[in-house]
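Visitor: sequence plus predicted model, see below.
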Amino acid sequence: MRPSLKFPFPRRADGRPLCIAHRGASAHAKEGTPKAYDFAADLGSEMWEIDVWLSSDGVPLVSHDPVQNGITLADHSRDELHDLLPDLPDLNQTIEQARERGQSLYLDLKAKGSGAPSVALLLANVVDNAVLGAFDDTEAKLLIDNSCPYPVSVLVRAGEDPFERARATYADIIHLCWEHASDRPQDLVTPDLIARAQERGLGIVLWHEERPDVLADLVKLPVLGICTDNPELMGGFHSIPDTGIEVVCHRGINHIAPENTMASAHLTFDFGCDWLELDVRETADGEIMVLHDDTLDRTTSGSGKITDNTREALKDLDAGSWKDPHWHHERIPHLSESIALAKQHGKKIYIENKSVDPQKLLDFVAAHDFLDDCFFWSPNPQILLDMRALSKDCNIKSNIVHHGSFERMVEQLQPQICEIQVKDWEVEAPLCREHGIRPMLQYFGSDPEVFVQIAKWRPEMINLDRADMLLAALKEQMA
């Protein structure tokens, strides 16, 4: 070990590579921003990759590019940049944010001379879980020569010899930036390469990767960490042992992506959740679309009732910008798109029927060979009664409170699933189990203490808005 190395690379207890959010959750928010880093933590990251430039007065800034909105960062003092680019974070701010979110830091030094002030800030903030890296050998070696107490990495491009780069700089880690080197870059991280790194006492960090099949291979390797724009692919429910809880995401992971869109659906399944909850309504030409409200106004760029519009009229409406300009490309999904995505992931859907003819919806889902992989509910009691009359086998969810008693709920609907509020769980869940009905907890809040209790209960199913908070509570319990 290098004599001046005081703080080792952070490790997981189970030896799995750390999930390093590349410029935050940059697939879901503007890269390098506080929002991107917060989303990364929500989605299970353990370390944030941060690009560092310097202001004209030597303040380390968090930005991938040296120019933002036509403004060259190095030409202005930090105070001037506060006015010119009010959303531009500096390293001190991001250190504080990382501390609040329990994240380690991986600093990619972009500006010449940015190493020394960055180390000084880390030490001043008593940070013991950080790494500094550079593509520039001179910058990396300067850190070593100045007795950097944090691990130092060299970022290795495709075609470069990682061991020659390490020898030239005395770095502690080789960071292989080989994402574009092959269709299967995981094959380049050979047993021989790993053995040579271990013989030399070198750690390995891997490129930013967003291909699930490639990531599935990479997480099995004895490496320190893997960068990704999509931390949900590494940090979701699949990163912990099975809990026995089936997670139902209410309108998808809607605190990050816009509700009832394909983006929120993708995020739900990539995060390792089991069920996507969505709402369906009919258009003027009888198409079944995914939308919560009966009007277009709140969540799209359109206006008026969905029933007054054809599918063709809806196809170009922006269904994401209301949430954030980042999602401007999202459109109103057709139910067939949601089903296709669920089948692709081997997942399931909870369909809340707002207004679709019951026979039509049953026929549609059956035609897509998906009846066994979904359950239904409707705020309209008659729709539920009609669905049950039409099919004894379709999966229906109900709530005791909507019927006045458990016995009446069973008599009227014979539901397969019963939704239960937190306050009623300990009474109603055993009653449902006793009668062969699956209990599903519902909690749409965001109180961490409630999630601590839910983690103790380990409900069979839970319908929620904040799957990330449940995961955090489960991780804390397991730790």
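Guide: That came in fine, so what should we check first? Residues are numbered from 1 along each chain as shown.

Visitor: ok, which stretches of the stretch 251-400 of the chain are strands?
Guide: 275-282, 288-290, 348-353, 374-377, 397-398 (DSSP state E, counting those that start in this stretch).

Visitor: now the second one: mean pLDDT?
Guide: To tie it back to what came earlier, the one meant is strand 288-290. Mean per-residue pLDDT for strand 288-290: 98.

Visitor: against K392, how distant is E407?
Guide: Taking Cβ to Cβ, to the nearest Å as the measure, E407 falls 19 Å from K392. No exception for glycine: its C-beta is placed from N, CA and C like everyone else's.

Visitor: same thing with M409?
Guide: 16 Å.

Visitor: ditto for E330
Guide: 38 Å.

Visitor: with neighbour numbers in mind, choose between those two.
Guide: E330 (23 against 7; other Cβ atoms under 10 Å).

Visitor: not counting sequence-adjacent ones, nearest residue to the more buried one?
Guide: G320 (3.2 Å; Cβ to Cβ, 6 or more residues apart in numbering).

Visitor: would you mind pulling the contact partners of whichever strand or helix holds R99?
Guide: For R99, the host element (DSSP states H and E) is helix 91-101. Residues outside helix 91-101 that contact it (Cβ atoms under 8 Å, 6 or more residues apart in numbering): 34, 37-38, 41, 48, 50, 52, 59-62, 89, 104-105, 107, 118, 121-122, 125, 127.

Visitor: show me where pLDDT drops low in the protein?
Guide: For the chain, no stretch is flagged by pLDDT under 70.

Visitor: got the contact list for the residue nearest to E330?
Guide: Going by Cβ under 8 Å, 6+ apart, the list of residues near G320 reads A257, P258, T261, A263, H326, W327, H328, H329, E330.

Visitor: the closest residue to S301 other than its chain neighbours and L18: what is the separation?
Guide: Of all residues not flanking S301 in the chain, D318 sits nearest, at 4.0 Å (Cβ to Cβ, 6+ apart). Taking Cβ to Cβ as the measure, D318 falls 36 Å from L18.

Visitor: same deal with C374?
Guide: 36 Å.

Visitor: neighbours of G225, just the number please.
Guide: 27.

Visitor: grab the nearest non-local neighbour of it.
Guide: L18 (3.7 Å).

Visitor: K141 too?
Guide: With Cβ to Cβ, 6+ apart, the residue lying closest to K141 is T169, at 4.5 Å.

Visitor: again with E259
Guide: R251 (3.7 Å).

Visitor: surely that neighbour and T268 touch.
Guide: No - between R251 and T268 there is no contact under Cβ atoms under 8 Å: 9.3 Å.

Visitor: what about these two, which has more around it?
Guide: Taking neighbours as other Cβ under 10 Å, R251 and T268 compare with T268 leading, 32 against 22.

Visitor: mind listing what the more buried one touches?
Guide: C249, G252, I253, L276, K347, A467.

Visitor: nearest to W207 among the residues you listed?
Guide: Closest approach to W207 among these (Cβ to Cβ): I253, at 25.4 Å.

Visitor: so that closest one makes contact with A467?
Guide: Yes - using Cβ under 8 Å, I253 is in contact with A467, at 6.2 Å.

Visitor: common neighbours of those two, please.
Guide: T268, F271, C273.

Visitor: how many other residues sit next to E337?
Guide: 15.

Visitor: so who does the residue nearest to it when sequence neighbours are not counted touch?
Guide: Nearest residue to E337, sequence neighbours excluded (Cβ to Cβ, 6+ apart): M262, at 6.3 Å. M262 makes contact with E330, R331, P333, E337, S338, L341, according to Cβ under 8 Å, 6+ apart.

Visitor: how many other residues sit next to the second one?
Guide: For R331, the neighbour count with other Cβ under 10 Å is 17.

Visitor: what about it, distance to I306?
Guide: 13 Å.

Visitor: mutual contacts of the two, please.
Guide: L314.

Visitor: for stretch 59-66, buried residues please.
Guide: V59, P60, L61, V62, S63, H64, P66 (16 or more other Cβ atoms under 10 Å).

Visitor: which one of those is nearest K360?
Guide: H64 (49.1 Å).

Visitor: can I assume the closest one is in contact with K30?
Guide: No - counting by Cβ under 8 Å, H64 does not reach K30; the two are 10.3 Å apart.

Visitor: and this structure, what are its domain boundaries?
Guide: 18-235, 246-478 (automatic domain parsing).

Visitor: can I get the ones you listed in a markdown table with distance to M1?
Guide: Below are the domains of the chain laid out as a markdown table (distance: least, Cβ to Cβ, whole Å):
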| stretch | distance to M1 |
| --- | --- |
| domain 18-235 | 7 |
| domain 246-478 | 29 |
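
Visitor: can you give me the helices in the stretch 151-300 of the chain?
Guide: For the stretch 151-300 of the chain, the helices defined by DSSP state H, counting those that start in this stretch occupy 162-169, 191-199, 212-218, 232-235, 262-270.

Visitor: list every C-alpha atom in stretch 59-72, with coordinates, as PDB.
Guide: Output of stretch 59-72 as PDB, limited to C-alpha atoms (Å, rounded to 0.1, in the frame of the first residue of the first chain):
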ATOM      1  CA  VAL A  59     -12.600  27.200  -6.700                       C
ATOM      2  CA  PRO A  60     -13.400  23.600  -7.800                       C
ATOM      3  CA  LEU A  61     -16.600  23.500  -9.800                       C
ATOM      4  CA  VAL A  62     -18.800  20.500 -10.700                       C
ATOM      5  CA  SER A  63     -19.300  20.400 -14.400                       C
ATOM      6  CA  HIS A  64     -18.500  17.900 -17.200                       C
ATOM      7  CA  ASP A  65     -17.800  20.600 -19.700                       C
ATOM      8  CA  PRO A  66     -15.500  23.700 -19.300                       C
ATOM      9  CA  VAL A  67     -18.200  25.800 -21.000                       C
ATOM     10  CA  GLN A  68     -21.800  26.100 -20.000                       C
ATOM     11  CA  ASN A  69     -24.400  28.200 -21.800                       C
ATOM     12  CA  GLY A  70     -21.600  29.900 -23.700                       C
ATOM     13  CA  ILE A  71     -19.800  30.800 -20.500                       C
ATOM     14  CA  THR A  72     -16.200  29.600 -20.000                       C
END
